[in-house]
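In: Sharing a model that was predicted from the sequence below.
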Amino acid sequence: MPSHDRSQLGFVQTVEASFGFLVREFGFRLVDVQPTFVRYESERAFVNVFHGRGSYELGVEIGRWIEFDGELVEEKFTLGDVIALDHDLSAVGYRSYATTNREPLVRFVVQLADWTQRFGSRVLEGDPATFDSLREQGARLSQTILEGWRAERLRAAADCAWRCKDWGRVIDAYGEIAAELGSIELKRSERARLSYAQKRISDDAR
């Protein structure tokens, strides 16, 4: 659907009606209105509600301004990040959603507003401790993702070394996972391979 047709979907009207609590209860101001983007700001926080221009994904971002290198920059988090601080996303029913049709769009914007009101009060009030927790949560998630990628490479190296009977490389690869990747656990089969490789090295050294 071309971007100039988005007005037919009622995105802006639905956002203003559903997110009006930001103005009434939290002192936000409506500062930007576009066919696919609506922004609210208070003295301590901002809220972006969007309908992705290319992806058609509906979502909410909540953020604050922080000083970085002497300048104020935006630090923002998804509504999913905010909910995940204290709740299991699957239990809440939170999910991403994309649509080009009016009826499901309206329904999901209303749902996003409900989740924002129910679970976002601390960040909407600009609570610094909650924003700091979100930052720490993001850092932990990033670390877990990076460790997962590293573990994939090391496991591939270990598999190759196992097939080549290069026991030293098997030990190095699995040993690196066990010693340095705190979010990754060796599988039972990998522990067995590691033990076998260590035994072979020990036997060959005699």
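Out: Ah, there it is.

In: Tell me who's in contact with the nearest residue to Arg29 once chain neighbours are set aside.
Out: Excluding the flanking residues, the one nearest Arg29 by Cβ to Cβ, 6 or more residues apart in numbering is Glu41, at 5.7 Å. All C-beta atoms are positioned from the backbone trio N, CA, C, and that covers glycine. Residues counted as contacts of Glu41 (Cβ atoms under 8 Å, 6 or more residues apart in numbering) are Phe28, Arg29, Val31, Val47.

In: ok, now how distant is Glu41 from Asn48?
Out: 10 Å (Cβ to Cβ, to the nearest Å).

In: do the same with Asp81
Out: Taking Cβ to Cβ, one finds Asp81 at 13 Å from Asn48.

In: Tell me how many other residues crowd Leu154.
Out: When counting by other Cβ atoms under 10 Å, one arrives at 19 neighbours for Leu154.

In: For the nearest residue to it once chain neighbours are set aside, give me the pLDDT.
Out: Once flanking residues are discounted, Leu154 sits nearest to Ala173: 4.6 Å by Cβ to Cβ, 6+ apart. Predicted confidence (pLDDT) for Ala173: 91.

In: got a list of contacts for whatever helix or strand Ala173 lives in?
Out: Assessed by DSSP states H and E, Ala173 sits inside helix 167-180. Residues outside helix 167-180 that contact it (Cβ under 8 Å, 6+ apart) are 151, 154-155, 157-158, 160-162, 184, 186, 190-191, 193-194, 197-198, 200-201, 204.

In: Give me the buried positions along it.
Out: Within helix 167-180, the residues scored as buried using 16 or more other Cβ atoms under 10 Å are Trp167, Arg169, Val170, Ile171, Ala173, Tyr174, Gly175, Glu176, Ile177.

In: Mind telling me what element the closest residue to the third one other than its chain neighbours is part of?
Out: Translated: Val170. Closest residue in space to Val170, ignoring its immediate chain neighbours: Ala197 at 4.1 Å, by Cβ to Cβ, 6+ apart. Taking DSSP H and E as the definition, Ala197 sits inside helix 188-205.

In: can you tell me the average pLDDT over stretch 22-42?
Out: On average, stretch 22-42 scores 96.

In: Show me which residues of that stretch are buried.
Out: Leu22, Phe26, Gly27, Phe28, Pro35, Thr36, Phe37, Val38, Arg39, Tyr40, Glu41, Ser42.

In: Any chance of these in a markdown table with secondary structure and distance to Ala113 as columns?
Out: Formatted as a markdown table, these follow (DSSP: H, G, I helix; E, B strand; the rest coil; distance: Cβ to Cβ, whole Å):
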| residue | secondary structure | distance to Ala113 |
| --- | --- | --- |
| Leu22 | helix | 9 |
| Phe26 | helix | 13 |
| Gly27 | coil | 17 |
| Phe28 | coil | 13 |
| Pro35 | coil | 18 |
| Thr36 | coil | 17 |
| Phe37 | strand | 15 |
| Val38 | strand | 11 |
| Arg39 | strand | 15 |
| Tyr40 | strand | 11 |
| Glu41 | strand | 17 |
| Ser42 | coil | 16 |
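
In: Name the residue closest to the centre of this protein, please.
Out: Against the mean C-alpha coordinate of the chain, by Cα atoms, centre = their mean, the closest residue is Asp81 at 5.7 Å.
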